[in-house]
Structures are given as structure tokens and as C-alpha cells.
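S.K.: Have a look at this prediction, sequence included:
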6 protein chains.
Amino acid sequence: MKIGMFTANFLDRDLESVFKIMAEKGYEAAELPAFYGNSHLDIEEVLKGNNAKKIRNLAKEYDITISALSNHPEGQLVLGPHTKDTDSLFKGAPEEKIKFGMDRMKLTARAAAALEVPVVCGFIGCEKFSRWFPWPYPQGWDEMEEDFVTRWGEILDVFEEEGVRFAHEPHPNEFVYNIETAVQSVALMGERKEWGFNFDPANIILQGIDPVIFIQELGDRIYHCHAKDGEIVEHNVRRSGLQPTGKWDRIDRGFRFRIPGWGSVPWKRVLTEFMLVGYDYVLSYEHEDVVMSREDGLEKTISFLKPLIIKGKYIGRGDKLFE
Amino acid sequence: MKIGMFTANFLDRDLESVFKIMAEKGYEAAELPAFYGNSHLDIEEVLKGNNAKKIRNLAKEYDITISALSNHPEGQLVLGPHTKDTDSLFKGAPEEKIKFGMDRMKLTARAAAALEVPVVCGFIGCEKFSRWFPWPYPQGWDEMEEDFVTRWGEILDVFEEEGVRFAHEPHPNEFVYNIETAVQSVALMGERKEWGFNFDPANIILQGIDPVIFIQELGDRIYHCHAKDGEIVEHNVRRSGLQPTGKWDRIDRGFRFRIPGWGSVPWKRVLTEFMLVGYDYVLSYEHEDVVMSREDGLEKTISFLKPLIIKGKYIGRGDKLFE
Amino acid sequence: MKIGMFTANFLDRDLESVFKIMAEKGYEAAELPAFYGNSHLDIEEVLKGNNAKKIRNLAKEYDITISALSNHPEGQLVLGPHTKDTDSLFKGAPEEKIKFGMDRMKLTARAAAALEVPVVCGFIGCEKFSRWFPWPYPQGWDEMEEDFVTRWGEILDVFEEEGVRFAHEPHPNEFVYNIETAVQSVALMGERKEWGFNFDPANIILQGIDPVIFIQELGDRIYHCHAKDGEIVEHNVRRSGLQPTGKWDRIDRGFRFRIPGWGSVPWKRVLTEFMLVGYDYVLSYEHEDVVMSREDGLEKTISFLKPLIIKGKYIGRGDKLFE
Amino acid sequence: MKIGMFTANFLDRDLESVFKIMAEKGYEAAELPAFYGNSHLDIEEVLKGNNAKKIRNLAKEYDITISALSNHPEGQLVLGPHTKDTDSLFKGAPEEKIKFGMDRMKLTARAAAALEVPVVCGFIGCEKFSRWFPWPYPQGWDEMEEDFVTRWGEILDVFEEEGVRFAHEPHPNEFVYNIETAVQSVALMGERKEWGFNFDPANIILQGIDPVIFIQELGDRIYHCHAKDGEIVEHNVRRSGLQPTGKWDRIDRGFRFRIPGWGSVPWKRVLTEFMLVGYDYVLSYEHEDVVMSREDGLEKTISFLKPLIIKGKYIGRGDKLFE
Amino acid sequence: MKIGMFTANFLDRDLESVFKIMAEKGYEAAELPAFYGNSHLDIEEVLKGNNAKKIRNLAKEYDITISALSNHPEGQLVLGPHTKDTDSLFKGAPEEKIKFGMDRMKLTARAAAALEVPVVCGFIGCEKFSRWFPWPYPQGWDEMEEDFVTRWGEILDVFEEEGVRFAHEPHPNEFVYNIETAVQSVALMGERKEWGFNFDPANIILQGIDPVIFIQELGDRIYHCHAKDGEIVEHNVRRSGLQPTGKWDRIDRGFRFRIPGWGSVPWKRVLTEFMLVGYDYVLSYEHEDVVMSREDGLEKTISFLKPLIIKGKYIGRGDKLFE
Amino acid sequence: MKIGMFTANFLDRDLESVFKIMAEKGYEAAELPAFYGNSHLDIEEVLKGNNAKKIRNLAKEYDITISALSNHPEGQLVLGPHTKDTDSLFKGAPEEKIKFGMDRMKLTARAAAALEVPVVCGFIGCEKFSRWFPWPYPQGWDEMEEDFVTRWGEILDVFEEEGVRFAHEPHPNEFVYNIETAVQSVALMGERKEWGFNFDPANIILQGIDPVIFIQELGDRIYHCHAKDGEIVEHNVRRSGLQPTGKWDRIDRGFRFRIPGWGSVPWKRVLTEFMLVGYDYVLSYEHEDVVMSREDGLEKTISFLKPLIIKGKYIGRGDKLFE
């Protein structure tokens, strides 16, 4: 298992200097952003053929594997919402947003292939997430299945062509956001292998769900993993709850994202279950901890996770005392 | 404290037979539905002057106080959503939905006055409830404040005129859904007394919030209370979570509504806190328990709650041993 | 759902006086012992044709349904243990014990048919229960499958002939003792309908298992239910554990059986799950509470359980507010 | 086991009217106050010989047993504090307070004998309770042992003479306040049988102690029991703690006394343990619940406790199935 | 945030050798004792002008900041108790104790100024701590407010003059011992900035209080912090409780002090809240762990705390994915 | 306290290479297997006089203390079971198994003496462990006492002769398996000092017992300790329970053994209690963790435990602030 980082943590620095600091701290893998206009990776340039080799070489120079490309914002556009909520991602009419999102996700798949990166992480979007609650439109959630299957099916065809897998990150405001919808999505996609998950345990515990059960049920569909934690803030949660509005850094929030080891995710249980289901790819650190700086997170995350990595599966000890 | 019932539990029976069965079982108060087309109360008829006296007399005959009129569906239309999600409540363009909702809520206030009922319960609606989560539009929640203040301010002016109070029920898919937004809403409404809450503890615990803290902080704004419970389903919640989609009666849900005493609401603590803040009006039974019939709920609810009613506040015992 | 009693609670009184006291206290069903030499029911007499009608009439006189015959001791003999541990049940060589047990269980099935009783409860036995733990013979548990299938398969053939079902009670010292072995046993028996369970939640919680999950997974195989509770004794369990030896009434035990409501079984959750899976037959009170007398248990059990019985399933309330 | 009441709950009513209301509600025992100037019982009058018979007859008339005399304030004077903290109990120099306290406790013993009441409840006092914490005077607690032994030894000699037992109530501000000091006190008193306890579980849980362990260790020294509950106020305790200062009725206290069933005392476990150790005397209701009126407490206490009384110990069921 | 040590852990060694071992282990700050007769710092000598520079230089030589002077024993004398309980601190009549205590605390402020140390830590004392419980003198606690304001107001005037702050350590046997009394004390002192707290989380959890709430409410008043832990001893607390008497090292205590990481203080939550309120001064290790040696504590404390220090506050990551 | 290893973890490597890797990783003690045919130690050879010195020298060369010989399989044969369950340990009639077991355990004692090893660890066996549960043979457990006393008494006589102690490891399928039977066994053995325990906390928690209480009650009888952890698998245990059958590595087990730090054993509390009772010998790592390889366990165990070792007991700090 490699410990990696989503380089979007430092979009205000150039990619080489990010690789440099990662290598210094011991990170072995990088998840690169693919969305339009980011300062680390321009997928259109990659596809023009100029850039892929250069980036692969840069990574090699720092002994860094590119574990995935990530494109959350443009994936979000595929299913929405198509209101002003996504104008910062792409401004346009709903159909334009959908088209842009779909095109960009296909491009991302092709860029991943060009870079020899086997996985693309991202969001799939959700027209109206509020429909998880049955009132006032109980049939609403199910009705969104159709768009999911049609639009993402078309995108996944390109992934299939390119030999790349898509790893959706279950999260609030996504059509697939918890264990039950993830299980359902695998069925809706006809079990096709291009469809899987970027498992981020912080997004799961904020719903009162045990992330280990996600791994137990969907382990063979986990294609990538975020090393991110979430704190159910003990002294606040009974007043603020798990679904508070408002800024991430207000002191009285009932829930906030944290770096690994500073939240409520049971990491040893997570890593144990990964071992049991055979997931052995990458833990990619994403910084959304509003309590501490990214520099601090960079150090603390690897020094917390490194000693927890299980290196090999038990293969017996060769005596009659314990079999 | 009276134990009452929301008569909408039995919209398939006529109002008198509902009053009859309530009286038999010991219920002393009724919350009547006010939305368009319901079979118990036509507020337009009331306002034509024909009906108010008849209904008051009917209630008196069965020794039943009308604790509130309730109009959740038409209140929902005021802030939305204005998509097809609310077409079953009223079909029309967004502006039409808003206008219909606002007009009906004003009418409801006037009908309450005509019936000498001091409280109207209801929902206020929410254009995009999914915005409680900051991604992808962090400023979204706050932007909805304006419509809340404008539209409901106008409606509350009518309530003020009529000497009636509005009790919003914090709930998923409402702009005011938890303690923090309720506190905020009181400030947004300039502390005006027409604005308060129909406290339904089941809606609160589904967010991981302690309902007693709601009472402690907002006790003087609680104008009505639903006797409804919510079960955090112990053997399901770690897989299904607190925010599952899907039908209320599926066996593996992580949360479901229940009758009082069969869920996770700490009723003795709730009733203790009510005593301490001085709430002494009504506990109005609403049936959304998909495990048992309404007839069963009618009996079990009152036999559970009746012995828990605190009849009088402590006023000393007149000796030096305990002061 | 009927509340019944296992009449073996009072084998020192004659059957009629037991029926009498049951009827006085409100019990509506009786589970009768079938083992050799008990004072309530002699199954050989029944099969001679003399007795069945008389017993049915006696029950009818007191408005009591016979919910099941129960034969734990002779069922135990079928799989063992065949050491002195079962000499008090029947003294003999192992083969003799097996033969006696199998013959008696077949007889019990025939007697049930003669009495028009649809269910026989009992134990199936277990040659070496200590094998649940893999040391020192890890393959041991699985090796016991064969005898289970052969011997009980032969017995169940008679049940099939007679149109009676067998309800095994999962319990320590039985080959089927928890959820996992129960699930396995249904497969081993080829899903045949004669094979099901007498669900006793106290036996389940002593293993650290949530009894509601048993119902969720095996609900359609629950043919009978014991109203018995088990207390995980909070102030003792951290020292004494869940598997203490020794007398049931010593004060420092970590676990003891209790009457319903005085132990750790979550009865409302149990009854809720029964409703959801459709179990609606009987809760049969068995007294193994060493803290209080049987007379006391007889009263307290029904006064605890009666108000918890759910009378009817929710079938909608006929309005658009809650569907 | 009888359910009784400490009549000091109603010192503003005369004794007969208190007996009357007790009898109406089903109470069978009374604990009478013995301190100077109380309106129910003047022990000096009793000892003059005029009054004992009259009071016994009055009690008999209402079918009420006098379970104990109680004298907390004058017992407190024996060990102190002898500062102004006890001036409301008796004003004087320390030696005068001690003398008054000792004399009155001896009188109370004699009055109990005269009334044929076997137990006197009370406090023993404590010069400096703050010494439970070792700073700044670690040897301080142990130094108080001597006065305890000397003064109470002398008092207990009178109890012995009169054939009456003293039941101290462990409580904050008493030299014996928890399990450990209670165990120690029995040794200090040389195991003499006049020395025992009035067990009030509410006083115990406020220290984070499981009251059932008190019963398990000191069961044969429990001579009387208060039916009083204590609420560890879930939503306040993490801020206010278990040792808050200030008025009992402030809304944000971390701990408050309650009537049985409305606090954190595990009554079924308490009653189970009473059965196992053989305590079968009285549960005497004392009202210190600042949330509800005494009238309400009078009703709720007996309706909560009555169904929990265990009437008889298990004495077998006479079969081989369960021994 | 610096990790420091209260040098009183090693009063049996001279100050230089203590600085030496601190520097070797990585400690960067020292809290020096100021009470009369201690072997590390004689404040009278400092004020004679001879010593301040020497001590500052000594500290500088080992790269150690003097975070605070500490004077608990003489602060205790100001409010008491003035009985023999404080004779080991200073022997004399109450007024003499008060005068000595007040004079010494003023001197301590002046010495701190001379040493350029911005904070003095200490206790304020409490005449009768037992009054936290309302019986037998409910008004007692409030009556102690006056002496607090008068005596400590006079002392704080000197602190103001000298530009030094006083940091009281909430603790049993102090007038200010929990969150509620701390909040009250700030008001009683008229919000003057000289009055604040030396936060020792171990003293807080022994009352069942969450120390993080102390920080949340009083963060801007925390002027110093003790790195001390407290163990709510899981296997003892249900018998021994949180307020046991007796020696710190007896094996069956329900509570004992520990070094950081070996008790029940949630350090990550504490450090997170410190970051959110802006406390970034010092964590000063005080050894009161009776299980292990001071040498061991010295090593274990810093190796536990060092990796937990949060170095910088989050200041954004500069992209649209997370704001 | 030394950290050691049971070399049977690597019976597929020769002893010297095991010592070598232990020394490299920092292990200071070895527990050697003594059972027949193991590849590390042939006790018959030792007793022939050839081998003891060589092995002692080999250990010395790697700076390794031999903390104990361990012989679980042959100890098991002494009390059984004597069915095929132990055929892999020794094939023969029951009496042959017993004789072989007893002879080998005596030999082990003699070999330990020859090797100057003060402790032999092992199992004692149990004829029918299923008898911990009273049904169907309540007197069964007690009847096994006799064989325990006779057979093991005879073996312990040899231990006494040789000046070696026997440390039985409480565990399922042993006659002594929990706190209560361990306490009982000490009495049955007449308090003789040869009889004590190899404390393995993982075996204790699987019974719902707090291992710290074992240390508190039996600390002076703990002669050796296994560094092994046990995971009560949170997401499985409510379905699978603490007593599941089946392979150790199936993913849905409710309990499994783990290396220290990856299970549910509270190691800091364990090490604290060891300090308080004076146990300071060895923590011997035994690998039964089916999630990770032995190589990984070897590293992770010592890096987890090493920093937790308490080096010295508190012996005061020499000032009046804390005594």
C-alpha cells in the first residue's frame, strides 16, 4: 500500500515543487487534478501529445507513481445540480453544463490512458440531493436513476475503450452517497468493471455509517482511497448535529473534516478490512482540515499512517498450535 | 399539558367520528388540517362564516380543544422546492406555487382566528435543501435567507393582524430544520412573537441532535408539540445511516418514524425540560409509524404518555431539610 | 400475537390447575412438555388414542390454545453429548441414547399431530459443544454436520408425514446455537419447511449477539418464541464474563436468565422486527429467573408484555402528508 | 417490601392528613421526622409517655407501619461542621452543638424504642468534607476517624440499650459518604450491629458510583432505603459536571434529585440485588425533585415502584429442565 | 506551542541540573516554583536585584523560556481554609495566614516582572469547599464571593501595576474549580485582564466535565496550561467513584492523576480547540502520576505530546474544490 | 519489563535465525516451545545433558533471556479432551494420552531447570469444556475438579522439586479459563507457589471480561505474559457474537486474535496495573493475527509496546505540593 497525496492540496504551488516536498516527506504516489484550468495538469495538452511523457518523467524523477487523475467539478456537472450552484464550475444552460461535464469526463479518461494512469476519481453529481428524504416527493430519488444510467453509461463506454476505471467518491450531494446507493449503482451499471469507488471514509461517517461495512460489502469495487478523516465533534454534535450549515471553521460545528488520526474514522479497522478484501493500492491524502495548515497535515498524515500500513497477509506459521 | 392528536391521521374518516374515537381514548385536544381539499376542515368555508361555530361546537361536544390548525403542504410551497417535487401539492409555475402557498397560509391564519385557535403549524419550505452541505455552492444556504424573510415576513404580518402565531416544524427539506437555523430564524424575523416552532423531537434526532437542547435554547418559542418518535434503528444504522433513501417501511432502514415510546426520543427528559421552560400546552400525536396500525398507535400513545405528564411544578416542601 | 406459557414452569402442579391460573392471569396459549415422565402430558397415552381429545377439551375450557409440544431433553439425546452429562435424561450406551432420543422425537411429532398442535419445540443436542473454539481440533465442528443431517433428517421425515414443524431452540450446548449456525442448518436441511426455530432471545444475547438480527435474517423460520429474558449483569460482567460456570443464583454471576423486562433483551425492537417479518404466533413465557418466584413472574411477565403487543400492521393513513 | 414515605415531604400539613393521603395512594409505611420543632413528631412528648400510643394508633388506623424515625439535622451536629453552616440547625459554640446533637440522637433512639420502631435514620455529620481531596491536608480525612468512633460509639451504646439500630445515610458532607467509607465505618465500629445504613441510591450515583455495588458489598448493613432518584442531566453534565454549586432548580445543572424512575438509578437492578441479599423492608419515598410537585411525586412514585416490587424469591420449579 | 515543565517535579535537584535534563529531552519552557523555601527560586532574592539576571541567563543557556512562576501554596492561604489544613503551608492565626498569602502573591507578581515572566500560576484557596453541596448551608457558596473579590482584587491591582497576569488553576478545594465558577469569577472580577486561568484538564475531568468545553467558553482567559492527565479508572470507578478519599497510589482508586496520554483527557480534542481559540503558549508537564517515575514521565510526556502539536492554522488551499 | 517472543511463531525457521531476527528488532527474551517434535527445542536432548549449555550460549550470544519453556499441546492431554480432538497432539487411548501428557510435562519441568528457565507455560486441558454451561449436567464442572487436583498436583510436585513454576494460560477449552476459575484453582492447589498463570489478555476479553481485573485479583500469580491482542470485531459482533465457529480468517467473524495494538485490549491500563501489582518480567509476543504476516507483526508489536513500557515506579518528588 502506498501513501499518496492529492496534489490539489497545493494548487498555489507548481507541480514540481509539490512533487519535491512529497518526496521529502516520504509520499510515493500522486493523485493529479484534471479539471479545467488547474495549475497542475492540463488534460488537453496531454492529449495533444506534448505533455504526457514530460509529466511521467517528472513523477519518475521523484519516484512518485501517479495513482489517479481526479475530476470532481466536471463530474458534478453531469448530473447536476444545474442551477447557479454549479456556475462556478461552468456557467451555462443545464444542457450546456451536462455536455461540458460529459465531454470533459471522457477527455479525462483519455488523458489518464495517455498518462498510463489506471483510475479516474470524481463526483457524478446529483440533480436534487434533498430527495433522499421522502417528503415532499417520495418517488423523486428513484426517478434520478435513469439519467445516471444514461449519461454515465455513455461516459463509461469511453473508459472501457481506454482501459481506465472510474472511481466515484460517495459524498453528500452525489446521487451515490452511501453504502445502499453504492450497492444499487453497481447493479444499475450492470456490474461493469469500469464503475467503482474512490473510498473516502470521512464522507461516510458524517452519515452515521460505519465505513468498514462499506469495505466489507463493496471491497472489490474500491479502486482508490482518500486518506481523509472526519471529526464528529463530541462537545458540539448534540447541539449542532451531523448536518449543520455554515462555514467549515466555525468553532461550534457538529462535524468537520480532519487529517487522518484527528477524527472519528477507525483507521486500524479500515486498514484491517482493506487487507481482508485485498485492497492494496493507495491512501491519498486530501487536506480539508480547517484546524491546521497543509504543511502540518503533510507531516502528520504520513507519520500517522505509515506505521499502520500492513505489509503482508498472514500465510500461516507452520505449526500445530495455531492453524 | 393536554394530549391531543393531529386528525390528519384519519383523513379517511369524517371529523366527528375522529373526535368520537379520540374522546373514547382520552384525547383532549385536536390539531386540524387546513390544506386544500382535506376532508376535515375547509378553511374557505370557515371564512365564509358558515362553519366556524359548527366546528367549535362539535369539538366542545366531545370536550376537545382545537390546539392548532396545520398546513404543511401549502407552507412548503412558499419557499419551495418549486420543481415537480411539489406538483402533488399544487401544480404550476414557481411564481404560481409561491403565490398559492402565501395566499393559503394567510387564509389559514384568518381561519384560525375565526375558529379562536391561537396557533397554526406548518412547514416553510426550502428551495434547495441540499445546500446545507457546502459543496458545490458554499454561499447557497445564506442566500436563501432573503426569500425566507420577505415571503414569510409578509405572511406573518397577517398572523399579527389576526392575533395568531405560526409554529414552523423544523424538519428535513425545510429552510429551518435544526437548532442552529431555528436560532438564526428568530433573529432574522426580528424576534417577532408570531414566529415560533412546532417542536417534533423525531425530526431532530434523525440529525444526531439532542432534542432537549432545542427546548433549553428555544423553549419560549415552542408554541406546539408533536408527539412523534423516531427510531435510530440500532441493528441497521451502521450500514444504512441516518440519511437513507427509500420507502419508510423497508426492514433495513437506519431510521424510521415511530409512535412515542418506540423510538429513541428520551421522553422523560423532554417532559422535564418542558416543565423547566414552562411549556404546558399540548402533545399532539401524529402517526407515521410504519410498523403498526393507527388504531394501535392511538391506544399505545396515550397509554405511554399519560402517566408521564407532570401535573405541577415543585413549589417547596416547607422544611429546613430541603430548600 | 398470543401470550402463552410453557407449563413446565409448574410441573409440581397438575395441568388443570396450571390452565386455571393461566386463564386467570390472561394467558391465551400453552406450550406443553412432551418428555418422558412429565406430569402434564404423556405422549404415549395420547397416541393410544385415549387422551388427545380430553386434553384439547381441557384447554378449550380455559380458552387456551396449545401452541406447541416441547421436548428438549429427548431431543438433546439425538446428537448428545452421550456421556454421563445426559444420564439424567436417559441412561444407556451412546447408541441407546440416540435411539431413544430419535424414537421419542418421532413420537412427539405424532402426538402433536394427534393433538392438532402444529409445532414441536426442542433441542437437537451436540456431541462436543466445546468445539466452537478451533483449538485443539479446528475441523471438529464441521465434522458434526453429518450426524445432524442424518439423524435429524430421519426425524424430520416423520414431521413431514405428520404435517408438524420442528422448532429447534438455539442455545449453548446445541449444534445450532447462534445466527450463523442457524443459517447454515437451514442450508444443510435443504431448506425443508419442517426445520425452523423456537426463538429465545435470552439464549442469543448471552453470546453478545443482537437478537433482532436473528429475526431479520431468519424471520420466516421462526415457528415459536420463548418470552424469556437474560441479564448481562452490569456490575458483574466485567469480572465474571458471559461464560461463567456455576449456580444460576450466585450473586456475582455475569449473566443470568430473567423474566421479560428484567434483563437486557430489547423487547420493543424484538416485537417491531417480528411485525416487519410477519411473525404473529405466540410469546411463551418460560421461568428461569432465579431472583423471583414463578407466581411473581407469571404476573409480571404478562403485565410487561401485554401493552407491547402490536395489534396491526400499518396500512396507510390515506393522505398526501405521509405515504 | 413495603412502599413508604418520609412524612417530612409534607411538614406543612398535620400528620393525620399526611397519613390519610398516603393511605389513599397505597403507601404502607411512614418514616417520621424526629428533629426538634418539626410538626409531625415531638420526641420529648413521646418520652414523657403521653404520645407514643396515640401515634401508634393513628398509624394503625391508616394501616401504616412506622418504618423509621429520621433525624438528619441533629445527627449532622455530632461531627459538624460546627461553623455557621449548621447555625440554622442549632446555634451555639462547637461543643454545644456536639452536645445538643448527641443528646438529641440518644433521645431519638429512646423515642424509637418507645414507639416500637426498630430503626433511626440520619446523618452523622463531617467536620471538613473538603478533606476527601488530599490537597492541602492529606492526613485530614483519617484524623476525623477518632471523633466518629468516640462520639457515635457513645450514641450507639444507647441504641444498643434500646434495641434500636441506626441507619446512616451516605451523602455528601458526611464522614461516611460512599462505599469505601461505609465499609471502613463498619470496621471502625467493630462490626457492631447497631451501625448500618439508610441506602439512598441518588446520593451514590452523584459520585459516579454504581449503587448496586453498594448493595452487593453492604447488603446486610442496609436497614432502611430511600426511594429517591438522581438525574445525571445528560445535556448539562459535560459542562456543569457532577459537583455544581447553586440552586437545585436551575435549568443547566449537571445533577439534580428526582423521584424514582425519572433519574439515572437502575431500579430493576437495585431491586434485584435487594432480593439477592435479602433486603425486604421498605422503600421510603423522599421528595427532592424540583421539577414536579409533591402531589405528583406521591402518585408517580408508587405507580412506578409498585409493579417492580419482587414478591417472592425463586424456590425452584420442580423439574429436570432447569435447576 | 512550546512543551515545558513545572520544575517542582524535581525539587530534590538543583535548578541547573533540571534545566539540563529538560534541554536534553527537548523541553523548551520552564514553570518555576515561587513559594517560600523552595530550592529552585527565591523570589525575595530576585527582588533584591541579585538574582533575576542570573536566572534568566541560566535559562537562556539551555534555550529555555520561563513560561510562568507558580505559587499554589501561598495563594491557597488567601481564601483558606484557615484551619490546621494549611498549617504545613504557613502556621498562624487565620488573619496571619491571609496576610502572609496576600503579601507573598504580590511579591510573586513583582518577581515575575523582574524576571520578565508574563504569568503567575497558582491557587486562590477556598474557606469551605464542602459548600459546593447545598446541604446544610445553601447560601454558603455565594457568601464566599465577597472575600474572593476583596482579597484577590487587591492582589490583582499589584499584578496590573507590574504588567503580569494571574492564572488560577481550577481544582478541588478552590473557590473557582469548574467551568461555571470560572465564568462567574470573570464577571466578579469585572472582566479585568489580569484574571485568567492555568488550565489543567485533569482537574476538570475528575468532576465528570468535558475539558474541551472549558476551552470553548473561556479560551481567551487561558493564560497557561498544565500537561497533566487524569485517569477515570474504568475497573474501579463504579465502586470507588470520582471522589474517593485516601492515598493516591492505592490500587483500587476510582480516579488518579497520570502523565499525558495515560489518562482520560482527550488530548487531540484539547489541542484542536486550543488552535481554534488561539491558545498557543505552553503545555507545562506536571508529574503527579503515582504509577511511574518522574524520569519515565519526562520522556513519555514529550514523546506523546510533541507529535500532537499543531504548528499552524489552516489558511486555505487556494482552489475551488474546498473553501 | 522485557519484550520477548514465543519462537513458535517461526517453527519453519531454525532457532538461531529466529534469535537473529529477534535481536535485530530489539526483542530481549524468548519463550521456547517444548512439545514433542518441534524444531526449536528437544527437551529429551536437553535432559541427556548435551544441549542445555549450547542453547543457553546461543541465547547469550544474541543477548536474549529465555523467559519460559512452553508446552501447550502436551499439557492439554492431561485433562483432555481425550477424544479424537487431541489425536493430532498424541494418538492413543485416554489413559495413554494422560500418561504421555503427564510425563512430558514433568520432563518439561526438568528441562526448564536444566536450562535455568524459571517458568513453564502451558495448557492444563479440560475433559468437557461445554460444561461451563449448566445444561444438561449442572454438576459437571465441579466434578472435573478432582482430576485437576490429582493429575496436576502430581506434576507440580516435580516442578517443586526442580524449583520451576508452572504458568497455565487461561483460555477456552481449559478447565481454568477465566478469573473465577483461576481464583478457584489457586485455592484447589492449596496456594502452592508452583501454580500460577501465563496471562494472555486476548483470551480474557473474548469472554466479555476486563483483563485488568484479572491482574488486580491475581497479580501475584502472574508468572508470564503473552503480548497478544484480541479484536471484538465491531461491525461483525452483533451478528456473529463472541463465540462463532469457523476459520479464524473469515471476514465476518465477531472475534479474532490480533497483534498488540490492533485489538480491544486496553494496553495502557494493563501495563499500569502490572506496575501496581509489581509484575515486571516479560511480554512475550505470540502471533495469531490472521490479517497480517509474522514479519509485519514482529515489527509492529515491538514498536507499539516499547514506548509503553513503564520503566520505574513513582517514588515521590520531594515537595509539599504533591505527596
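M.R.: Yep, that arrived. Residues are numbered from 1 along each chain as shown, chains lettered A, B, ... in the order given.
S.K.: going forward, measure contacts and count neighbours with C-alpha atoms only.
M.R.: Will do.
S.K.: and stretch A:247-266, how far out from the chain's middle?
M.R.: Centroid displacement of stretch A:247-266 relative to its chain, using C-alpha atoms, centre = their mean, to the nearest Å, is 18 Å.
S.K.: How about stretch A:124-138?
M.R.: 22 Å.
S.K.: Contacts made by that stretch with the rest, please.
M.R.: A:72, A:75-82, A:140-141, A:144, A:152, A:168, A:172-176, B:85-86, B:128-130, B:172-173, B:243-247, C:321-323 (C-alpha atoms under 8 Å, 6 or more residues apart in numbering or on different chains).
S.K.: For whichever strand or helix holds residue A:56, name the packing helices and strands.
M.R.: Element membership of residue A:56, judged by DSSP states H and E, is helix A:52-61. Helices and strands touching helix A:52-61, as assessed by 3 or more C-alpha pairs under 8 Å, 6 or more residues apart in numbering or on different chains; DSSP states H and E, are absent.
S.K.: I'd like the average pLDDT over that helix.
M.R.: Averaged across helix A:52-61, pLDDT comes to 96.
S.K.: again, but for stretch A:90-108
M.R.: 98.
S.K.: Can I get it as CSV, trimmed to CA atoms?
M.R.: C-alpha atoms of stretch A:90-108 as CSV (Å, rounded to 0.1, in the frame of the first residue of the first chain):
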residue,chain,number,x,y,z
PHE,A,90,-19.1,26.0,-15.6
LYS,A,91,-21.6,28.7,-16.5
GLY,A,92,-24.3,27.8,-18.9
ALA,A,93,-27.7,26.4,-19.5
PRO,A,94,-28.4,22.9,-18.0
GLU,A,95,-27.8,21.1,-21.3
GLU,A,96,-24.6,23.0,-21.8
LYS,A,97,-23.4,22.1,-18.3
ILE,A,98,-24.3,18.4,-19.0
LYS,A,99,-22.5,18.4,-22.3
PHE,A,100,-19.4,20.1,-20.9
GLY,A,101,-19.3,17.7,-18.0
MET,A,102,-19.7,14.6,-20.1
ASP,A,103,-17.1,15.8,-22.7
ARG,A,104,-14.6,16.6,-20.0
MET,A,105,-15.0,13.3,-18.2
LYS,A,106,-14.4,11.5,-21.5
LEU,A,107,-11.4,13.6,-22.1
THR,A,108,-10.2,12.8,-18.6
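S.K.: do that stretch and chain E meet?
M.R.: No: legend: contact between stretch A:90-108 and chain E by C-alpha under 8 Å from any C-alpha of the partner chain is lacking; minimum distance shown is 11.8 Å.
S.K.: quick one, what contacts residue A:120?
M.R.: By C-alpha under 8 Å, 6+ apart, the residues touching residue A:120 are A:68-71, A:108-109, A:112, A:164-167.
S.K.: change it to 6 Å
M.R.: The contact partners of residue A:120, by C-alpha atoms under 6 Å, 6 or more residues apart in numbering or on different chains, come to A:68-70, A:166-167.
S.K.: what's the longest helix along chain A in contact with?
M.R.: Among the elements of chain A assigned as helix by DSSP state H, the one spanning the most residues is helix A:94-114. The contact list for helix A:94-114 (C-alpha under 6 Å, 6+ apart) reads A:43, A:47, A:74-75, A:77-78, A:82, A:155, A:159, A:162.
S.K.: Can you show me the strands along the stretch 101-250 of chain A?
M.R.: Using DSSP state E, counting those that start in this stretch, the strands found in the stretch 101-250 of chain A span residues A:119-122, A:165-168, A:195-199, A:222-227, A:229-232.
S.K.: hey, which of the ones you listed is tucked in deepest?
M.R.: strand A:119-122 (a mean of 29; mean count of other C-alpha atoms under 10 Å in any protein chain shown).
S.K.: Can you give the distance of it from its chain's centre?
M.R.: With C-alpha atoms, centre = their mean, you get 7 Å for strand A:119-122.
S.K.: One more: stretch A:104-111?
M.R.: For stretch A:104-111, the separation from the chain centroid amounts to 16 Å (computed by C-alpha atoms, centre = their mean).
S.K.: In contact with residue A:317, which residues are there?
M.R.: With contact set as C-alpha under 6 Å, 6+ apart, residue A:317 has these partners: F:9-10.
S.K.: quick one, phi/psi of it?
M.R.: phi -130, psi 0 (degrees, to the nearest 10).
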